[in-house]
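A.B. asks: below are the sequence and a predicted model for it; my questions follow.
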Amino acid sequence: MSKTLFEKIWDRHVVKTIDGGPSVFYIDRHFIHEVTSPQAFKGLQQRELPVFRPKRVVATADHNVPTINQHLPIKEELSRLQVEQLKKNCAAFGVELYGLGHPYQGIVHVIGPELGITQPGMTIVCGDSHTSTHGAFGTIAFGIGTSEVEMVLATQCLMQAKPKLMRINVEGNLNKGVYAKDIILYIISKISASGATGYAVEYAGSAIRNLSMEARMTICNMSIEMGARCGMIAPDDTTFNYIKGREFAPKADAWEKALADWKTLKSDADAVFDHELHIRAEDIEPMITYGTNPGMGTGITGHVPALNEIDERERPSFEKSLNYMGLQPGEQIKGKKVDYVFIGSCTNSRIEDLRMVASFVKGKKKADNVEVWVVPGSKQVEKQAMEEGIHQVFAEAGFMLRQPGCSACLGMNEDKIPAGKYCISTSNRNFEGRQGPGARTMLASPLMAAAAAITGKITDVRELI
Amino acid sequence: MGKSIDIVESTAVPITIENIDTDQIIPARFLKATTREGFGKNLFRDWRFENGDDQKPKKDFPLNNPVYSGKILIAGKNFGCGSSREHAAWAIKDYGFDVVVSSFFADIFKNNALNNFLLPVLVSEEFLQQLFNAVEKNPAVFIKVNLGEQFIEISDTGARASFDINSYKKACLLNGYDDIDYLISMKPEIEAYEHTHA
C-alpha cells in the first residue's frame, strides 16, 4: 500500500497501539533545555527512576542565558538557578550537556542539526514547540510539555494519537528578495494561526526542493505557528550533503547503510493526504506581520486589513490586536518607523542568515533611530561568523553581534524590547508581550529586518537590492 | 497529582478573546521556577494587571470582575496556541480551574491540560456563543460538565452539547491514571521493540 513520508516514519516507531486510543510511540532523540526540564527530572527523582536511555538525550542551555559576557556568572538569580539545576540534573542522570562555555552550546534547534544529531527517519521531541524545525531533515519532530518530557526520560516513549496529514505544495520560482521566511509567513497568513491544527504537514514542490537545508529549517520551524503537530520535508541530496561529515553523522559503512535507507523516505507517488494546498511561489512577496499572531501578516505592498475585511465575530480580537500594536485598520505598514531590529532565534540565526544579512549590509550604516541586535544561534555559528569577518561588517554598520541564545525572541533573559517600541524581528512569534511587556513585534525575513535597520523604517527590501 | 475528574458543576469565567496563546496565559519571564506549583498568581499576568503591578488589577479583565468566578474557564477559539510550556496548564489549574471550554484548542496545550487533570471541553462555535451569552446574562448560572457521559449543560436553560474525548484519555481522567504509569508498565514491550528496531 502506498504511504506518505509521515506514515513511513510513524509506522516504524509504534511500539504498541491501544484499541480506541493513542499508540505507544518510540522517540529516537530527545533534546532538553533548562526551562521545561527541571520539573521532569524532579518527577523522576520522586518516582526513583533513572533516565531510561541517557544516550538518546542531549541537553543545552539556551532560553535563559545572557547574550553578553557569557563567561561571567548569570546575574539574574532565577535564570542562574535554572541553568545550574540543568547542570546538576544532567550530571546526576548521565545526560550529555552542551552548557554555557561549551563549544557546541546554542539554541537547541540550531545545534541538533549542525552537530549531525538530527537525521532522516528519526522521531525527535523537545519541551519546546519549535522542535518542528528538525522536520526539515525528514523526521517526525514535535514539541511536548514537561509531563511528556518526564515520560520520554523515563521510558523513551510517548502516548501519541496519529494526526491527520496535510501536504503544502509550493511550486515555481521565488521572486527577488523573497526567502524561506516569506514563504512560511505567507502560508500562515493564508491559512491562519490555527489552520493546520491536528495535522502533520509535509512541504513539497519545486520551490521547497530548491531551498538549502537552513532555509528548509526556517519553514519547518514555523509549522507550529499554524498549529501543526509537525512539519516535514522529504530528505534529498541537499539533506544528505548537509549531514555528511558532521560530528555525529554516521561514518563509513554506517553512512552507506543509512543513506540507502534515507533514500526511501519520501511520500509514494499515489500516497493520499487528508488535505492538500497549492501555492504559487510567484505570488509571494516579502512579508511583514502587523498583528499579534503570526497569521496576521501581509506582503510588504499590502496593508492592515480594513474592518470590513474581517469577519464580524472576529472583530473584537482583531481590534484588540491592532490597539496593542498601535496600528489602524487599513493602514499601510511600509514606512512605519521601527525602534529595534532583532536578527536571531531558532527561525533565523544560522550562518546563512548571518551571511545574507552581512552581504546586504556591507558598506552601509544602521539608521540612528534603531538599535540592532544580531544573536547567532550557536557557538559554532558565532565562530564561523568571526572566521568569515562577518563580525567586522556588523561592527562597521553599527549592528551589535551578541552571544548565542534564544534572546529577544521571548525575552526570558535581559534582552527585552521596551514597552510601546516597535521591533522588526526574524523570530517566530509576535504575541503580545513576547519580546517584553508592551513590546510591539513585526515578524519578517532577515533581509527585511536588515533593510529596516538601514532605513530606520519598514522597507521593501527589493528597493535596496 | 493523580487527581481524577468526573462531574464539575460550577459558575464560569468567560474570556471571549480568540487565539489566546500560552505567552498570555503565563508570560515567559515567569517560567523560571523549577517546581510545578504557584503559577496561578501569574495567570494572564499582563492582561490582569496594569504594567505588571499586581497591586493594580485591570478592572475590565474578567478574572478581576467580582461577578465572575468558578472552576470553569470559557475562552474564544484556538485557545492555548504557541509555546509548548506546560506552565500554562499548571497556571490555569493552580488558579482553581478544572475545565477549559473552547471551540478550538491548540494541540500541545490540549495534551498538557489532559496530563494535569484539567479537562479541555471542545464545543461548537454556536454552543460556545450560547455559553458566553448565558454567563454574560447571568454570571451566577451553573454550567455542568459531565465527563463520564460526555456532555456540557447550561443549567438554567438545559441547553446541552456532547463533547468528544478519546476513550483512553477519558479512562485516565476518570480513574486518576497518568500516562507515565502506563508507559512504565510497558517497559518490557519497549525493550523488545528496541531489540528488533536497533
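C.D. replies: Structure received. Numbering: from 1, shown residues only, chains lettered A, B, ... in the order given.
A.B. asks: from here on, contacts and neighbour counts on C-alpha atoms
C.D. replies: Noted.
A.B. asks: residues near residue A:363, how many?
C.D. replies: Applying other C-alpha atoms under 10 Å in any protein chain shown, we find 11 residues neighbouring residue A:363.
A.B. asks: how near is it to residue A:397?
C.D. replies: Residue A:363 sits 7 Å away from residue A:397, going by C-alpha to C-alpha, to the nearest Å.
A.B. asks: check residue A:326 too.
C.D. replies: Taken as C-alpha to C-alpha, the span from residue A:326 to residue A:397 is 29 Å.
A.B. asks: what is the burial count for residue 44?
C.D. replies: I'll assume chain A. For residue A:44, the count of nearby residues is 17 (other C-alpha under 10 Å).
A.B. asks: that's the wrong chain, I wanted chain B
C.D. replies: Close neighbours of residue B:44, defined as other C-alpha under 10 Å, add up to 21.
A.B. asks: and what of residue A:164?
C.D. replies: Counted with other C-alpha under 10 Å, residues neighbouring residue A:164 total 17.
A.B. asks: next one: phi and psi at it?
C.D. replies: Residue A:164 adopts backbone torsions of phi -80, psi 170, taken as degrees, to the nearest 10.
A.B. asks: ditto for the one 4 residues further on
C.D. replies: The phi and psi torsions at residue A:168 (degrees, to the nearest 10) take the values phi -110, psi 110.
A.B. asks: now do the contacts for it.
C.D. replies: By C-alpha atoms under 8 Å, 6 or more residues apart in numbering or on different chains, residue A:168 lies in contact with A:201-204, A:276-279.
A.B. asks: which ones are touching the nearest residue to residue B:187 once chain neighbours are set aside?
C.D. replies: Nearest residue to residue B:187 in three dimensions, chain neighbours excluded: residue A:155, at 6.8 Å (C-alpha to C-alpha, 6 or more residues apart in numbering or on different chains). Each residue near residue A:155 by C-alpha under 8 Å, 6+ apart is listed here: A:51-53, B:183-184, B:187, B:190.
A.B. asks: out of residue A:326 and residue A:397, which sits in the busier spot?
C.D. replies: Remark: of residue A:326 and residue A:397, residue A:397 carries more neighbours, 20 against 14, as counted by other C-alpha under 10 Å.
A.B. asks: settle this for me: that one is touching residue A:368, isn't it.
C.D. replies: No - applying C-alpha atoms under 8 Å as the test, residue A:397 and residue A:368 come out as separate, 10.9 Å apart.
A.B. asks: for the stretch 251-400 of chain A, which residues are neighbours of chain B?
C.D. replies: A:293, A:314, A:316-317 (C-alpha under 8 Å from any C-alpha of the partner chain).
A.B. asks: quote the end-to-end distance of stretch A:363-374.
C.D. replies: 17 Å.
A.B. asks: closest residue of the stretch 251-400 of chain A to chain B?
C.D. replies: residue A:317 (5.6 Å; C-alpha to the nearest C-alpha).
A.B. asks: so who does the closest residue to residue B:51 other than its chain neighbours touch?
C.D. replies: Nearest non-adjacent residue to residue B:51, counting by C-alpha to C-alpha, 6+ apart: residue A:437, 7.8 Å away. Contacts here follow C-alpha under 8 Å, 6+ apart; on that basis residue A:437 touches A:417-419, B:46, B:51-52.
A.B. asks: over to residue A:443?
C.D. replies: For residue A:443, the contact set (C-alpha under 8 Å, 6+ apart) comprises A:288-289, A:294, A:424-430.
A.B. asks: give me the pLDDT value at it.
C.D. replies: What the model reports as pLDDT for residue A:443 is 98.
A.B. asks: likewise residue B:54?
C.D. replies: Residue B:54 is assigned a pLDDT of 88 by the prediction.
A.B. asks: and the gap between it and chain A?
C.D. replies: 14 Å (C-alpha to the nearest C-alpha, to the nearest Å).
A.B. asks: I'd guess that residue is in a helix, am I close?
C.D. replies: No - Residue B:54: not assigned to a helix; according to DSSP: H, G, I helix; E, B strand; the rest coil it is coil.
A.B. asks: related to what we said a few turns ago, which among the contacts of residue A:168 count as buried?
C.D. replies: Neighbour counting by 16 or more other C-alpha atoms under 10 Å in any protein chain shown classes A:201-204, A:279 among the contacts of residue A:168 as buried.
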